[in-house]
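Undergrad: pasting a predicted model and its sequence here:
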Amino acid sequence: MTDSYRTTDLNFTVAKVGDELSSQLEKYGFNVIHSKTYHDYPSYNGSYGRSLKTLESILTKNKDTEITIDLHRDAVGSNSNYAPSVQIGDEVCAQVMFVIGTDGSGLEHENWRRNLQYAIKVQSIADELYPGLFRPIILRNARYNQHLTTASTIIEVGATGNTLEQCLASMKYVANVLNKATE
């Protein structure tokens, strides 16, 4: 609870933020599957290979899945003071950011442009409803398991300096934006 970098207590990790996003999305009628499987503990090495197996298993059982979100906290080096935030109404919320993988690493990834189009659509709606909620989209030369659907994203929630409360507060706004993007 007092360490801003790592814990295995799911009540104080991005998994808790995922619980809040799931709850908010379900209010809009989304069918949500929230995996809390550890993929990066005890080692980051191989975490995307492990998470690929989890995601493939979920998608095999849920073939009509359209959107996948890999929720992260932006671990920007060791700068514990970096806390990108935005004021929405009376709340201070952690800013969020899409990370979209491409086929630049040489791995097959036919869906990356469609994933990017989806992220742009969502971000455009967010910019209208909640200016400053989203930071600029980042493109990376890795596919991050986003090749499995056409609306796959990584969403980075806050950074090492943001509080859990700020990250949780952001989720109702993110859920509303995602809902508007599917209307």
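TA: Looks like it arrived, so ask away.
Undergrad: what about Ile67, distance to Asn31?
TA: Using CB to CB, to the nearest Å, Ile67 is found at 10 Å from Asn31. Quick note: C-beta positions are derived from backbone N, CA and C, even for glycine.
Undergrad: who has more neighbours, these two?
TA: The neighbour comparison of Ile67 against Asn31 (other CB atoms under 10 Å) goes to Ile67, with 17 against 9.
Undergrad: my guess is the more buried one contacts Ala151. True?
TA: Yes: Ile67 is within contact range of Ala151, at 4.4 Å (criterion: CB atoms under 8 Å).
Undergrad: quickly list what's touching both of those two.
TA: Tyr118 (CB atoms under 8 Å, 6 or more residues apart in numbering).
Undergrad: number of nearby residues for Leu129?
TA: 13.
Undergrad: enumerate every residue touching it.
TA: Contact analysis of Leu129 by CB under 8 Å, 6+ apart lists 173, 176-177, 180.
Undergrad: in helices, which of those residues appear?
TA: 173, 176-177, 180 (DSSP state H).
Undergrad: strands of this structure, start to end?
TA: Under the criterion DSSP state E, strands of the chain are mapped to 68-74, 85-88, 91-94, 96-101, 138-140, 152-159.
Undergrad: could you tell me the end-to-end distance of stretch 145-155?
TA: By CA to CA, to the nearest Å, the extent of stretch 145-155 from end to end equals 13 Å.
Undergrad: and it, average pLDDT?
TA: In this model, stretch 145-155 carries a mean pLDDT of 95.
Undergrad: in the chain, which spans are helices?
TA: 14-27, 47-61, 112-129, 164-182.
Undergrad: Val14 contacts Leu71, correct?
TA: Yes: using CB under 8 Å, Val14 and Leu71 qualify as a contacting pair, with a distance of 5.5 Å.
Undergrad: against Ala119, how distant is the spatially most central residue of the chain?
TA: Centroid check for the chain by CA atoms, centre = their mean gives Ile155 as the closest residue, at 2.4 Å. According to CB to CB, Ile155 and Ala119 sit 9 Å apart.
Undergrad: that older thread, the residue nearest to the centre of the chain touches Asp70, doesn't it?
TA: Yes: with contact defined as CB under 8 Å, Ile155 counts as touching Asp70 (7.4 Å).
Undergrad: so Val92 makes contact with Ala169?
TA: Yes: in this structure, Val92 is within contact of Ala169 by CB under 8 Å, at 7.2 Å.
Undergrad: before we move on, the earlier item: can you put the strands of the chain in CSV and add distance to Gln24?
TA: Formatted as CSV, the strands of the chain follow (distance: least, CB to CB, whole Å):
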stretch, distance to Gln24
strand 68-74, 12
strand 85-88, 14
strand 91-94, 13
strand 96-101, 13
strand 138-140, 24
strand 152-159, 13
